[in-house]
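Peer 1: Sequence below, structure please.
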Amino acid sequence: MTLVTPPAPPRSPWQRLYAAAHARRRRRAARHAARLPRPVVSVGNLHWGGTGKTPVVAALAAHLRDAGRRVAILSRGYRGNACEPLLVSRGDGPLAGPEVAGDEPAELAARLPGVAIAVGRSRHAAGELALATLTPPPDLFLLDDGFSHVALARDLDLLVLPAADPFGGGRLPPGGRLREPLASSRHAHALLLTGADATPEQAAAIGAALAASGFSGAAFAAPTVAAPAHAVAGEPLAPGSPVLLVAGIANPARFLAAARAQELAIHGTLLFGDHHRYRPGDLRHLERAFAASGARYLLTTGKDLVKLQPLTRLPLALLPVAAAPEPAFWPWLADRLAALSR
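Peer 2: The predicted model follows:
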């Protein structure tokens, strides 16, 4: 196994103070966290986004659904304006758009038939809503972006790390890219290493390196793979198709690299901040840029597509991205879930 060395522990007083505050918050949550009457599997990250968490959530939900579980995803609904817990999907398509539900829940609702989705600032209240309104009720909850949401008790904690930057510099802001210290990895039952080139050997090496921070769980690769780009109507984009790339995500470099790998003719790129809300001025800018580019399609991400589709008549195309956890992960997960029902 290749040895990987994590960054040295921070010596800054600020970093230590911030890390201690996180530890206190988790200890307090362990005493007061609300619990749902069904198993809760949390999927989250230590980083401030861009880890490939959403494709992992989608892969888990689809696998568990196909195994016969009644899955409901619980999400904060970040950047959505729902004030109360809201059912976003019963499993047959979105009941609310991204402005209300948030872009990631809306994207998951569009791509996951047979999986219910509920959002709420209180994920416990969202889970109770799902239990009260869905027939039959869910028998398992997936807590999206749940690693830091310690207000809800969970039975399994899965930590998603990007292969390109697994340690996030080993620092919290302002000196690093972590929202929790590496020591928080001790709370994870397993890590999933994402990225196009993630391998089981890399995952094992990252897991071994995090042992110094207290991590003692399993480690698996969950490579994220871009499927062939296609127009919204379904027709695939042939190599050489002229496209204008548009994305509002945390790590657009992977999106750009995937488009280049498919040998599309890139006629321009427009990048926005993560979870960007497209306003009339943005749409006018897109339309002018598209007209000037000579592109045939405006190629975007799943998270952006659900926001752009209701707003523009430009010919949209999607570059889908899916996570494919290594085969060894699925029996590990099945054993863990079976143990919860004993």
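
Peer 1: What is the longest helix of this structure by residue count?
Peer 2: helix 13-32 (DSSP state H).

Peer 1: Buried ones in that one, by neighbour count?
Peer 2: Under the neighbour-count criterion of 16 or more other CB atoms under 10 Å, helix 13-32 has 15, 18-19, 22, 26 buried. Every C-beta, even on glycine, is put in place using the N, C-alpha and C of the backbone.

Peer 1: Rebuild these as TSV, extending it with distance to L191 and pLDDT.
Peer 2: As requested, the buried residues of helix 13-32 are exported to TSV (distance: CB to CB, whole Å; pLDDT from 0 to 100):
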residue	distance to L191	pLDDT
Q15	22	87
Y18	22	82
A19	19	85
H22	18	84
R26	17	86
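
Peer 1: Mind putting those residues into TSV with distance to L256?
Peer 2: TSV is the format used below for the buried residues of helix 13-32 (distance: CB to CB, whole Å):
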residue	distance to L256
Q15	32
Y18	32
A19	34
H22	33
R26	36
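
Peer 1: on that earlier part again, find out how far the longest helix of the chain is from the centre of the chain, if you would.
Peer 2: Its chain's C-alpha centre and that of helix 13-32 lie 24 Å apart, by CA atoms, centre = their mean, to the nearest Å.

Peer 1: for stretch 151-167, same thing?
Peer 2: 10 Å.

Peer 1: could you give the mean pLDDT of that stretch?
Peer 2: Across stretch 151-167, pLDDT averages out at 96.

Peer 1: can you start the count at 29 instead of 1 from here on
Peer 2: OK, 29 is where the count begins now, so the last one is stretch 179-195.

Peer 1: gap between the two ends of that stretch?
Peer 2: End-to-end span of stretch 179-195 (CA to CA, to the nearest Å): 25 Å.

Peer 1: got the buried residues for that stretch?
Peer 2: Buried positions in stretch 179-195, judged by neighbour count with 16+ other CB under 10 Å: 180-191, 194-195.

Peer 1: can you pull out the strands in the stretch 79-228 of the chain?
Peer 2: 99-103, 114-117, 144-147, 168-172, 184-190, 218-222 (DSSP state E, counting those that start in this stretch).

Peer 1: closest one to A236 among these?
Peer 2: Closest approach to A236 among the strands of the stretch 79-228 of the chain is made by strand 218-222 (10.9 Å; CB to CB).

Peer 1: How far off centre is that closest one?
Peer 2: On CA atoms, centre = their mean, the centre of strand 218-222 falls 12 Å from that of its chain.

Peer 1: Flag every buried residue along that strand.
Peer 2: Neighbour-count burial for strand 218-222, counted by 16+ other CB under 10 Å, picks out 218-222.

Peer 1: As JSON lines, those residues with pLDDT and distance to D302 would be great.
Peer 2: Below are the buried residues of strand 218-222 laid out as JSON lines (pLDDT from 0 to 100; distance: CB to CB, whole Å):
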{"residue": "A218", "pLDDT": "98", "distance to D302": "26"}
{"residue": "L219", "pLDDT": "98", "distance to D302": "22"}
{"residue": "L220", "pLDDT": "98", "distance to D302": "20"}
{"residue": "L221", "pLDDT": "98", "distance to D302": "21"}
{"residue": "T222", "pLDDT": "97", "distance to D302": "16"}
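
Peer 1: just for the protein, where's the confidence low?
Peer 2: By pLDDT under 70, the weakly predicted segments of the chain are 29-31, 370.

Peer 1: so what are the domain limits for it?
Peer 2: 41-252+352-368, 256-347 (automatic domain parsing).

Peer 1: Now do the end-to-end distance for the first one.
Peer 2: Chord length of domain 41-252+352-368, first to last residue, is 41 Å (CA to CA).

Peer 1: Contacts only, for the nearest residue to P251 once chain neighbours are set aside.
Peer 2: Leaving aside its chain neighbours, P251 sits nearest to A226 (4.5 Å; criterion: CB to CB, 6 or more residues apart in numbering). By CB atoms under 8 Å, 6 or more residues apart in numbering, the residues touching A226 are 191, 249-252.
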